[in-house]
Structure formats: structure tokens, C-alpha cells
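>>> Structure for the following, please:
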Amino acid sequence: MRDGDTPKRRLLQAAAILLTLLAGPLLLWALDRQALGVAAEAYFGPRAVVANALVGVGALLLLWALTRRFVFSALLVAGLHWLLYMASRMKLELLAEPVGWHDRFFLSTLDRSSLALFGSYLGEQWHLVVYALGALVVGGVVFFFEKPSFRRFGPVQAGVFVAGVALAATLYQAAWPWTALLDDKKVRASPLNLSQAVLHTGLVGSLAHSHLVAKSKVLKIDEAALREAIAAVQPQPPATSAAPDPLPDIVVVLSESFMDPRVLSGMDRQPEAIPNVRALLDGGRGGMLMVPTYGGGTVRTEFEVLTGMPLAVLPGMDYPYATLPAKNVQGMASVLREKGYDTAAVHGNAGSFWKRRTVFRAMGFDRFITDAEFKQAGGVRDGLWYSDESMTERILHELDHDDRPSFVLAISMENHGPYDTRRKVRDPEAWSATPVPEGLEGDAERTMRNYLYHLGNADREFARLVEEMRGRGRPFIVAFFGDHLPAMPEVYEPLGFVDGGAPEQQRVPWVLVSSEDDAPLQAASRPLHSWRLGAEVLAAAGVEDPWFGFVRELGRKAEQMEPSPEKDALRNGLAAGAAARLTGRFEEFAK
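Numbering: from 1, shown residues only. Okay, the predicted model is just below:
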């Protein structure tokens, strides 16, 4: 402590510091429960409270040792926790998901487009920015007036510094005590429900656990399980033994937040919102898709479709584009590129978002058309984002290759949230005429009208795309699907779902159109996992590939089986196959 302090003063300082270190974790737990919207005693216990507070304690010790000001350090750490919890509460309200470890990549790719996306959700919450700036001013004042705890570097300051470094180093290295406090069985994390880990161990504890998982993950190939699955599945080539000549153009459209409104109670009494997709669904040219995300996380569904790999069997890869270990990611694009296809991706937003530009290059896309090209080509916005009409124009432009077939992945933006926006749309009359079910008022009514207006545009542009492709006189395949349900809790709560389930349990439509075949699809007989869709598209195009053939046959076999050891063996084989695929070794086993 400082020279000249009386024993009584030193005792009071030590008592205040001890009280802060004891009471701080309890206050943090109370803030955690409030942000999550659960009772303060929910999963309250020494392990959970300590696990949730230990990151902050380590940061406090380091700051105290470096600045020599305990009060300033404590206020700064408390302020950062408050900002984190406010951000998590907002995300939970908007997207039904708390802040996760993957969100750090959002901060690492900040640009004009990502700031626009963030600002669109922030809406009227800019007062939080004012609070943050005010807190910085207060912190500066406290730093200036607070007397240093240590005048000279001595054993107490050294001990505080070493303790802080030890906590930081062991966390970074995923070592004890973190592995004991954040054991998988205690955290019980779920890749499809981040709130579960937060509930059991707190938000900060769950973030630390996610880091431990990412740090320690190793892609292991269970060779015996993979060989057993390959033998059980016996992948068969597509119905046509030889590749069609000419090869068809292939367009895969991931339509942002595209859902079947009839899963909501009362929508069956409303005019049809998606007539073109509905006609294909009723004709057996599509079905319902089980996706690994809700409200956000488009890249999760996107990854599964493009690679044929379920995220559920890839530990620590909740948001794969941010954590992919390979520079060469094999999938639909790489397979088709090897077959002579020109490959392009189209997305009316920033290419840096979720590292898409880097990942798409590794996946084998020749070009990635983003918002810059949309703007240069005269693309128009409908509401907040570039319209599906502009996206269709870019797709058709990318198909203009007479020398070789094309594969185009298109990721729409028009129907991206937030849905309660008052931003003017291109066709106000159509917006006003869009009917909404009874029981919705105020913000909920505006949210639903916004959503249905843009949903109708997506359905109409899909039909236009198919019509334009038919007019080109070339064989083609078009796959169209939703990535997840939109996050609209203010709509779901008053209406409810027809099946009585939760939003996270609902499925989204997928349809497939071919220039050659209008017969119902075998794959449409039951709900399809998104990791199977790419395999079905390639099969419809007559394109053979060992991995996608394996995925297709394994998925079809597994869907017909009741829970059993045999079905578990197929899942284990799929997990082993995904690990082999990511490490470039799958074909060794498939031969």
C-alpha cells in the first residue's frame, strides 16, 4: 500500500477491497439473471457464481496492478460488464439468442455495412451510447482524483499482478481452474440454444466455456465408424449413369427469413402470401427444411447446405465461417468447379461480414458479388436493404456464360430484420394493402405487415427467376429455401403456432425446380435436414460426388429408422465423415 498510510486506513482499504471481491460476483449474478429474464435464484450456486465472475476478477486484478487505482479498475470492469449484459439483453429480445463467443467476429469486421446492420437493430436505443460516453467521463474523473494504492512496486502489487496474469494465462490456455469450473457436464451447452449455457453458468461463464471448447477442439476421425457407415449406406450414383450434356445451370437461392406463414394460427384464413412456392409445395416439388438456427445465424444454414456437413457433429463450430480450420473447404462450389462450372456468389451486403469473402474463396467460388457491385449496377433498396428484384438481376447477369455452365449461390437481404422499421418501402400501396391476421396491434401489426410485404416480393422474384431461366433455353436447376424463421416474438406471442410448438422448433420451406423434370421429389416425402439439401440438388443435376452421395444416402436411410444403435452408428459415421471431409481425407475411405 502507499507509504504514510495509517494502519487503520490500510485496514479499511483492505476491508473495502475484500468486500468488493466478495459482493461483486453476487451483484454480477443478479445482473446476469435480470438480463436473461429469470429469477435471481435460478441455478444459483457457488460454482456458477464464481465461474461467471472469475473473468472479471482477473481483469480487475490486472487493471489494479497496472493503474494502481482499485476504485477506477472496479468501475471500469463493472461498466464493461454492464455494456455486455445490455447488448445481450437486446440481442435476446430481438433474435431470441444472447451474446455468444462468435459475436467477437462482428467486432473484428466492422465496416459501413455492418454498422448499418447494427444500427438498424439499435433503433431508439442510442441512449445507451450516451450512457457509455458518460461512464467514460466519470471514469476519467475517478482516475484523476483517486490516490494510488501503491507508491512503489512491492510484494502486494506484484502478487496482484501475478494473480491476474495467472487467471488470464490459464483461461487462454484452457487449463485449470477454468476446466474444473466450466466442465461440459456442468455447463450443458447446446449449439442450438446458447441460452442454456448462460442459464447454467452465467453469460460471462458461458463465453469463457465457448473459448475453452474452441481452444481444445480437435477434429478426430473415427475410422471404424466411418467405414461402418459407408458400408451400411453403400452410396449410389444419381439415377442417370452419365452426366447430362450439356450440364444444367444451377442456382441456389437462400431467401432471408423465408417461412410458410401458415404455421401461424389464423394465417390460413388470410390470402395466400407465397402462391408460387405454395404451388410447388402442393405439387410435391419441395417440402419443409429443418435448420440449425432461429432468428439469425444465416451462415449456419448456409454452411450446412453448401458443405453437406451438420454443425451438430462439429464441436466448437457454432458459427463455422468464423472458426473453419481449413483453407480449402470442399463443398458444392468446389465440386461443381471441378466439373467445369463457373461459380459465383451473390449477396447484397458487405463481403467481409462473417468472413464470407475469405471463406467463399476457400470454398471454390470464382467471384463474390456484394453490395458494392449492387450499387454500381444501379441496384435499388426496398425498405432497409437491397431488393430481391435487384438480386434477381445480378443472378441473371452471372448466368451469362455461353462457354460453360454456371453455379450461382444467392443470399437475399430484402427481408432481413429489423421488422418494426418505419423505413419507406418501394410500393407503399402494396404495403398498405397487405393483410395481417386479427389480434395484432401497434408494433406487432407493423412488424407483420413489413414481413409479409417483403415475403411476397421474395416469392414473386423466385417465380420471375424461374421464368427467365426457362426463357434462356438452357437446362437448369433452381433450389429455393428459407434459412430460418424471422425473430418476431411480438407476432408469435399473440398468434401462436398451429402445432403449439416454439419458434425454434418450426421448419422453413424448400422447393426445387428443374427444366427437365416436373415429377414429385422422393426427398420431399419427409422434412429434410439442411445438410442434405445440397446433395439433393447435385443429384437432381446429375452431378456425382463421393461425399454428397454418401450424405444423400445416409440421410435417406436414417430418416426411415427409429432411434436405435444402428441409427446412432450412422450419426457417428457422419461425424467421422465430416471430420475426414474437413481434413481432405474422405475420399481415402470412400474408394
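
>>> can you tell me which residues contact Q234?
Q234 sits next to E553 when contact means C-beta atoms under 8 Å, 6 or more residues apart in numbering. C-beta: built from backbone N, CA, C; applies to glycine.

>>> Need the pLDDT of it.
The model reports Q234 with a pLDDT of 77.

>>> Can you show me the helices along the stretch 401-550 of the chain?
Using DSSP state H, counting those that start in this stretch, the helices assigned to the stretch 401-550 of the chain run over residues 428-433, 442-471, 489-495, 530-540, 546-559.

>>> any idea which helix or strand comes after the last one?
Just to be clear, that refers to helix 546-559. Using DSSP states H and E, the helix or strand that follows helix 546-559 in sequence is helix 565-582.

>>> hmm, back to that, which one of the helices of the stretch 401-550 of the chain lies closest to V156?
helix 489-495 (50.4 Å; C-beta to C-beta).

>>> that older thread, pick the most deeply packed of the helices of the stretch 401-550 of the chain.
helix 530-540 (a mean of 25; mean count of other C-beta atoms under 10 Å).

>>> Check what contacts that helix and list those residues.
Taking C-beta under 8 Å, 6+ apart as the rule, helix 530-540 contacts 238-239, 250, 252, 289-292, 301, 304-310, 331-332, 335-336, 477, 479, 481, 510, 512, 514, 517, 521, 523, 528, 544-545, 548-549, 551-552, 555.

>>> Confidence-wise, which helix or strand of the protein is lowest on average?
Here the helix or strand of the chain ranked lowest by mean pLDDT, DSSP states H and E is helix 112-122, holding a mean of 57.

>>> do you know how far L440 is from M448?
Between L440 and M448 the distance is 5 Å, computed by C-beta to C-beta, to the nearest Å.

>>> Which pLDDT value belongs to the residue positioned nearest the centre of the chain?
Per C-alpha atoms, centre = their mean, the C-alpha nearest to the average position across the chain is that of G297, at 2.1 Å. What the model reports as pLDDT for G297 is 86.

>>> Ramachandran angles for it?
Note on G297: its backbone torsions stand at phi 70, psi 40 [degrees, to the nearest 10].

>>> Identify the residues contacting it.
The contact partners of G297, taken as C-beta under 8 Å, 6+ apart, are 97, 319, 484.

>>> Spatially nearest residue to the second one (excluding sequence neighbours)?
Computed as C-beta to C-beta, 6 or more residues apart in numbering, the closest residue to Y319 that is not its neighbour in sequence is H102, at 3.8 Å.

>>> for the first one, same thing?
Setting aside the residues directly before and after it, E97 is nearest to L194 in space (C-beta to C-beta, 6+ apart), at 5.4 Å.

>>> cool, and G79?
A135 is the one closest to G79 (C-beta to C-beta, 6+ apart), at 4.9 Å.

>>> And that neighbour, how far from P435?
From A135 to P435 the distance is 46 Å (C-beta to C-beta).

>>> what do you get for L485?
20 Å.

>>> just A590 next, same as before
Taken as C-beta to C-beta, the span from A590 to P435 is 52 Å.

>>> These two - which one has more neighbours?
It is A590, of A590 and P435, that has more neighbours when counted by other C-beta atoms under 10 Å, with 18 against 13.

>>> Grab the nearest non-local neighbour of the more buried one.
P546 (4.1 Å).

>>> What sits closest to L336 if chain neighbours are left out?
Spatial nearest neighbour of L336, excluding adjacent residues (C-beta to C-beta, 6+ apart): F407 at 4.5 Å.

>>> quick one: that neighbour and M309, what's the gap?
For F407, the distance to M309 (C-beta to C-beta) stands at 18 Å.

>>> Same question for I230.
For I230 relative to M309 (C-beta to C-beta), the value is 16 Å.

>>> name the element the residue nearest to G79 belongs to?
Assigned by DSSP H and E, A135 falls in helix 127-145.

>>> Contacts for that helix next, please.
Applying C-beta under 8 Å, 6+ apart, the set of residues contacting helix 127-145 from outside is 67, 69, 71-72, 75-76, 79, 83, 86, 122.

>>> Quick one: mean pLDDT for it?
71.

>>> Surely S210 and V99 touch.
No. The criterion here is C-beta atoms under 8 Å, and S210 misses it with V99 at 10.5 Å.

>>> number of nearby residues for R68?
19.

>>> And the closest residue to it other than its chain neighbours, its phi and psi?
With C-beta to C-beta, 6+ apart as the criterion, R68 has its nearest non-adjacent residue at 3.9 Å, and that residue is P148. Backbone geometry at P148, expressed as degrees, to the nearest 10, gives phi -60, psi 140.

>>> any weak-confidence spans in the stretch 251-400 of the chain?
326 (pLDDT under 70).

>>> before we move on, back to that, what residues are shared contacts of L440 and M448?
Residues touching both L440 and M448 (C-beta under 8 Å, 6+ apart) are V491.

>>> Beyond the helix holding A135, next helix or strand please.
Counting by DSSP H and E, the next helix or strand C-terminal to helix 127-145 is helix 155-172.

>>> coming back round to it: off-centre distance for the helix holding A135?
33 Å (C-alpha atoms, centre = their mean, to the nearest Å).

>>> Export only the CA atoms of stretch 256-275, formatted as PDB.
Extracted in PDB, the C-alpha atoms of stretch 256-275 (Å, rounded to 0.1, in the frame of the first residue of the first chain):
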ATOM      1  CA  GLU A 256     -33.600 -14.400 -45.900                       C
ATOM      2  CA  SER A 257     -36.100 -15.400 -43.100                       C
ATOM      3  CA  PHE A 258     -38.500 -17.100 -45.700                       C
ATOM      4  CA  MET A 259     -41.100 -19.100 -43.800                       C
ATOM      5  CA  ASP A 260     -44.500 -20.500 -44.500                       C
ATOM      6  CA  PRO A 261     -46.900 -18.100 -42.800                       C
ATOM      7  CA  ARG A 262     -49.500 -20.800 -42.400                       C
ATOM      8  CA  VAL A 263     -47.500 -22.300 -39.500                       C
ATOM      9  CA  LEU A 264     -49.000 -19.400 -37.500                       C
ATOM     10  CA  SER A 265     -52.600 -19.600 -36.200                       C
ATOM     11  CA  GLY A 266     -55.000 -17.600 -38.200                       C
ATOM     12  CA  MET A 267     -52.900 -17.300 -41.400                       C
ATOM     13  CA  ASP A 268     -54.900 -20.000 -43.100                       C
ATOM     14  CA  ARG A 269     -57.800 -17.500 -43.200                       C
ATOM     15  CA  GLN A 270     -55.700 -14.900 -44.900                       C
ATOM     16  CA  PRO A 271     -55.000 -14.500 -48.700                       C
ATOM     17  CA  GLU A 272     -52.100 -16.700 -49.800                       C
ATOM     18  CA  ALA A 273     -48.800 -14.900 -49.100                       C
ATOM     19  CA  ILE A 274     -46.500 -17.200 -51.100                       C
ATOM     20  CA  PRO A 275     -48.600 -18.500 -54.100                       C
END
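
>>> Name the residues of that stretch that are buried.
256-267, 270, 273-274 (16 or more other C-beta atoms under 10 Å).

>>> on that earlier part again, make CSV from the helices of the stretch 401-550 of the chain and add mean pLDDT and distance to R33 to it.
Formatted as CSV, the helices of the stretch 401-550 of the chain follow (pLDDT from 0 to 100; distance: least, C-beta to C-beta, whole Å):
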stretch, mean pLDDT, distance to R33
helix 428-433, 96, 40
helix 442-471, 96, 26
helix 489-495, 94, 20
helix 530-540, 96, 34
helix 546-559, 93, 40
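
>>> Would you mind giving these as CSV with distance to T323 added?
Formatted as CSV, the helices of the stretch 401-550 of the chain follow (distance: least, C-beta to C-beta, whole Å):
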stretch, distance to T323
helix 428-433, 40
helix 442-471, 30
helix 489-495, 29
helix 530-540, 17
helix 546-559, 20
